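**Q** Okay, here's the prediction I keep looking at, along with the sequence it came from:
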Amino acid sequence: MITIHPVTKKDFPNGKTVTYQYYSNSYYDIRMEQTVIGWNCTLQLQPLSQPFEKQLVEEIFEDYKKGSESYIAKWNKQEAAVIVFQKMAWNNTLLIHDLYVEESFKNRGIGQYLMNYVKQRAHEINVRAIVLETQTSNVPAIQFYLKNGFALVGLNTISYSNEDIKNKEVRIEMAYIL
């Protein structure tokens, strides 16, 4: 049974960190070409010669997330997932900062449950879209977001370094339009 519990920084006086990790055997290759009349941009799924592995430790109550709503999802009373999102007043969207499902709890519908919860909250607070970022190397996340009705709305080829395309880790932005 899945339950969702709101949490605040007061619930975790020493902070609350999660370790995001993913593995992918493919990535979305980005090709950008400037033409006389504009630009051509394609993202094409390509296999990797060796799996891409990423691990990042993140504090869910970072200062830049101030004003966010934070929730822990429990599976039979065990902490299984975290989601952090924030209403962005300047453009009337809901920004998902963090969505994390503990490895041992994946493929149980918890991520889907959290996405449905976020969609419900988005309707309650009357925003126009839900937005998030991921990377072209995180194909499992992209597939999950596509399955949940999100679409590609933008990309940044130098968000993490000047070598993002070469590193096969380009920031993409996805959105669910309400």
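**A** That came through, no problem. Residues are numbered from 1 along each chain as shown.
**Q** So what touches the longest strand along the chain?
**A** Using DSSP state E, we find that the single longest strand of the chain is strand 38-59. Contact partners of strand 38-59, identified using Cβ atoms under 8 Å, 6 or more residues apart in numbering, comprise 15-33, 98, 100, 135-139, 152, 155, 168-169, 172. Where you see a C-beta, it was placed from the backbone N, CA and C, and this is true even at glycine.
**Q** Tell me which strands it pairs with, and in which orientation.
**A** Sheet partners assigned to strand 38-59 using DSSP bridges are listed as strand 17-35 (antiparallel).
**Q** if you average pLDDT over the strand it pairs with, what comes out?
**A** Strand 17-35 shows a mean pLDDT of 95.
**Q** hmm, who's touching it?
**A** By Cβ under 8 Å, 6+ apart, strand 17-35 touches 39-48, 51-60, 82, 98, 100, 103, 136-142, 155, 157, 165, 168-170, 172.
**Q** State the distance from the residue sitting furthest away from the middle of the chain to Thr157.
**A** What lies farthest from the middle of the chain is Val36; by Cα atoms, centre = their mean that is 34.8 Å. Summarising the geometry, the distance separating Val36 from Thr157, computed by Cβ to Cβ, to the nearest Å, is 21 Å.
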